[in-house]
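# okay, here's the prediction I keep looking at, along with the sequence it came from:
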Amino acid sequence: MTDPISDLLIRIKNAYYAHHSKVSLPYSRVKSAIAEVLMRYGYVGKIDVKENKNRKILVIDLLYQGKIGKITNVEIVSKPGRRVYLPYTKIPKVLGGLGISVLSTSHGVMSGQDARKKKIGGELICKVW
């Protein structure tokens, strides 16, 4: 696997499409931070870290509104071959504010809205709506 962040986002998206209640994946601090941003904005439920033998597993609960998942689509912006860095003035609003953009900044992983408030730019990881 060359891009674990894309793997996280696509696993969550596919689990929503398959109407699963949870998704499990290998743990990393960046994946956990991205999942916490998604949880803060109501796109995923509770996040657990479980120990399985000698490795950690990130377990994310998925939320639904009726039969429709909270995440309808994900656009991955930064990839291993092309990183996208933006100043805080150019951070995009997703669907006019209905979605969020996720950035990796010098102050940690945060939403585009928080980065604009703090006037911090960074690497645009993805857009979620």
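Looks like it arrived, so ask away. All of these numbers come straight from a predicted model, not from anything done at the bench. Residues are numbered from 1 along each chain as shown.

# show me what the lengthiest helix in the chain is packed against.
Using DSSP state H, we find that the single longest helix of the chain is helix 4-17. Packing partners of helix 4-17 (3 or more C-beta pairs under 8 Å, 6 or more residues apart in numbering; DSSP states H and E): strand 22-26, helix 29-40, strand 55-62, strand 74-76, strand 122-128. Glycine gets a C-beta too; all of them are placed from N, C-alpha and C.

# pull the CA atoms of that helix into CSV?
Listed next in CSV are the C-alpha coordinates belonging to helix 4-17 (Å, rounded to 0.1, in the frame of the first residue of the first chain):
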residue,chain,number,x,y,z
PRO,A,4,-2.5,4.8,3.8
ILE,A,5,-4.6,8.0,4.1
SER,A,6,-6.4,7.2,0.8
ASP,A,7,-6.9,3.7,2.1
LEU,A,8,-8.6,5.0,5.2
LEU,A,9,-10.9,7.3,3.3
ILE,A,10,-11.9,4.8,0.7
ARG,A,11,-12.5,2.1,3.3
ILE,A,12,-14.9,4.4,5.1
LYS,A,13,-16.6,5.4,1.9
ASN,A,14,-17.0,1.7,0.7
ALA,A,15,-18.3,0.7,4.2
TYR,A,16,-21.0,3.3,3.9
TYR,A,17,-22.0,2.1,0.5
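
# could you check the angle it makes with strand 55-62?
Going by axes from the mean of the first three to the mean of the last three C-alpha atoms, to 10 degrees, helix 4-17 is angled at 40 degrees with respect to strand 55-62.

# buried residues in helix 4-17?
5, 6, 8, 9, 11, 12, 13, 15, 16 (16 or more other C-beta atoms under 10 Å).

# just the residues you listed now: which is nearest residue 72?
residue 16 (8.1 Å; C-beta to C-beta).

# any idea which of the buried residues of helix 4-17 is closest to residue 60?
For the buried residues of helix 4-17, the residue nearest residue 60 by C-beta to C-beta is residue 12; the value is 6.6 Å.

# contacting residues around stretch 7-15?
For stretch 7-15, contacts defined as C-beta atoms under 8 Å, 6 or more residues apart in numbering pick out 1, 22-23, 25, 31, 34-35, 38, 44, 60, 62, 71, 73-74, 76, 126, 128.
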